[in-house]
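J.: okay, structure incoming, though there's no sequence with it:
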């Protein structure tokens, strides 16, 4: 740990913005690049938002959508510009770099500035997203340093724990998260939701003649086609189980294909031959199996619960959610599992606050975003090999690969192997603005 207390005498040009020796020129360049890339990134997001809400299209809605689009683009721009600007300011104030100021502190300051630019209604979503990515990165780092042992398919356990809570919430009359509840209704339908459960009542008692004994094939047919009187679906429970699985499989397959096609449009325009591998990728089938089994197991467990207890209970959702989560065996998605976990934490904290057990911390969402994003910026510089690949690609895109030019060789005193994936990369310095120490290091590399 003593190596982490060391200071680095290098300038911000030598360590960080190696592409421009002037701090102001480097910051301006990152600002322009960040803004142009932000327009592209959020252009797709808000275009899809407009298409989804096509029925609301009007001049007033169009103006609001455009304003939100520009605001979000400015948010990302400030994040990039604030990072490099804070990086230089801290170096000029302290006259050196330390373990925190090489990336974490600039990332924290820039992210705090940025989140205050974004619309308040989007801040919680952004905070949970980056916390999700940061927690995955933190786990990878802990495993890499030997602090914890890797857990094979551990995301299934996390997903099962989260879905047990969210399954109960879905089948209760007051769901914990409106967003998650809406998503679950989209894939599971409203029939199993708590609101619909409350509307179902027991049928009136009818007098009748005792039924005649059934033959064996009639009993078998009754098991296949029968259902509990509280079951909200038409037809038997078994056909419903199979039908839900098939429907979920088709939805999962189409959803995976749609996402891939939207993301791959630029590359497909340049190389149309990539379309065939994209359509035949095994991940499409895996996504279909995941959603198919998830839907079938959740609905099937609810039917089994009604038959077992003779009534509909919200607690059935706990078992249904946990069992349905086992479908992640077919489609590994650690990010989804962690997202569900953080939504559960958010929901439980919100309920604790409403009950008066927990305090409401002013600015907690903004602080969480800044801390998580600051940590991600720090890992991008110090331990890039532990980052989630998709987030690293996002940072490269946002900075037009300027973040790759960060001279990680100069971080060797911290003994974090920061240059592991950058052994052949050395900045093309203007030697008039470089110290003799860095020149000697360059010749030795």
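T.: Now that the structure is in, tell me what you want to look at. Bear in mind the structure is a predicted one, so any value in this text is a computation, not a measurement.
J.: show me where pLDDT drops low in this protein?
T.: Scanning the chain for pLDDT under 70 picks out 1-3, 52-56, 194-229, 443-445.
J.: how is it carved up into domains?
T.: 2-149+362-438, 154-198+226-331 (automatic domain parsing).
J.: and these: which comes nearest residue 347?
T.: domain 154-198+226-331 (3.8 Å; CB to CB). Backbone N, C-alpha and C define where each C-beta goes, glycine included.
J.: now the closest one, how far from the chain's geometric center?
T.: 18 Å (CA atoms, centre = their mean, to the nearest Å).
J.: end to end, how far does that domain reach?
T.: 13 Å (CA to CA, to the nearest Å).
J.: could you dump the domains of the chain to a markdown table with distance to residue 346 and mean neighbour count?
T.: Converted to a markdown table, the domains of the chain look like this (distance: least, CB to CB, whole Å; neighbours: other CB atoms under 10 Å):
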| stretch | distance to residue 346 | mean neighbour count |
| --- | --- | --- |
| domain 2-149+362-438 | 7 | 17 |
| domain 154-198+226-331 | 7 | 18 |
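J.: closest to residue 355 out of the ones you listed?
T.: domain 154-198+226-331 (12.6 Å).
J.: about what we covered before: in TSV, list the domains of the chain along with distance to residue 344.
T.: Below are the domains of the chain laid out as TSV (distance: least, CB to CB, whole Å):
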stretch	distance to residue 344
domain 2-149+362-438	11
domain 154-198+226-331	5
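J.: so which of those is nearest residue 339?
T.: Of all these, domain 2-149+362-438 comes closest under CB to CB, at 4.9 Å.
J.: residue 192: what's it in contact with?
T.: Contacts for residue 192 (CB atoms under 8 Å, 6 or more residues apart in numbering) come out as 170, 171, 232, 298, 299, 302, 317.
J.: run the last query once more with 6 Å
T.: residue 302 (CB atoms under 6 Å, 6 or more residues apart in numbering).
J.: secondary structure class for residue 102?
T.: Following DSSP: H, G, I helix; E, B strand; the rest coil, residue 102 is assigned to coil.
J.: out of the domains of the chain, which is closest to residue 353?
T.: Closest among these, once you apply CB to CB, is domain 2-149+362-438, at 10.4 Å.
J.: out of the domains of the chain, which gets nearest to residue 340?
T.: Nearest of the domains of the chain (CB to CB): domain 154-198+226-331, 3.6 Å.
J.: how much space between residue 315 and residue 325?
T.: 16 Å (CB to CB, to the nearest Å).
J.: residue 82 touches residue 113, doesn't it?
T.: Yes. Counting by CB atoms under 6 Å, residue 82 touches residue 113, with 4.3 Å between them.
J.: so which elements touch the helix or strand hosting residue 179?
T.: Using DSSP states H and E, residue 179 sits within helix 178-188. Counting contacts by 3 or more CB pairs under 6 Å, 6 or more residues apart in numbering; DSSP states H and E, helix 178-188 packs against helix 154-170.
J.: please repeat the previous calculation with a cut-off of 7 Å.
T.: Under the contact criterion of 3 or more CB pairs under 7 Å, 6 or more residues apart in numbering; DSSP states H and E, helix 178-188 touches helix 154-170, helix 282-309.
J.: adding distance to residue 427, write those out as JSON lines.
T.: Below are the helices and strands packed on helix 178-188 laid out as JSON lines (distance: least, CB to CB, whole Å):
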{"stretch": "helix 154-170", "distance to residue 427": "38"}
{"stretch": "helix 282-309", "distance to residue 427": "37"}
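J.: out of those, which gets nearest to residue 44?
T.: When the helices and strands packed on helix 178-188 are compared (using CB to CB), the closest one is helix 282-309, at 20.4 Å.
J.: mind giving me the packing neighbours of the closest one?
T.: Using 3+ CB pairs under 7 Å, 6+ apart: helix 282-309 touches helix 178-188, helix 237-263, helix 316-324.
J.: ok, which of the helices and strands packed on helix 178-188 comes nearest residue 189?
T.: Here helix 282-309 is closest among the helices and strands packed on helix 178-188 (CB to CB), at 8.3 Å.
J.: related to what we said a few turns ago, can you list contacts of the helix holding residue 179?
T.: With CB atoms under 7 Å, 6 or more residues apart in numbering as the test, helix 178-188 has contacts from 166, 170, 175, 193, 248, 251, 291, 295, 298, 299, 343.
J.: output these as JSON lines; include the columns distance to residue 409.
T.: As requested, the contacts of helix 178-188 are arranged in JSON lines below (distance: CB to CB, whole Å):
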{"residue": "166", "distance to residue 409": "46"}
{"residue": "170", "distance to residue 409": "52"}
{"residue": "175", "distance to residue 409": "52"}
{"residue": "193", "distance to residue 409": "56"}
{"residue": "248", "distance to residue 409": "50"}
{"residue": "251", "distance to residue 409": "49"}
{"residue": "291", "distance to residue 409": "46"}
{"residue": "295", "distance to residue 409": "51"}
{"residue": "298", "distance to residue 409": "52"}
{"residue": "299", "distance to residue 409": "56"}
{"residue": "343", "distance to residue 409": "40"}
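J.: what residue lies at the spatial centre of the protein?
T.: For the chain, the residue nearest the mean C-alpha position is residue 129 (4.7 Å; CA atoms, centre = their mean).
J.: ok so, going back, between the helices and strands packed on helix 282-309, which one is nearest to residue 77?
T.: Closest among the helices and strands packed on helix 282-309, once you apply CB to CB, is helix 237-263, at 21.9 Å.
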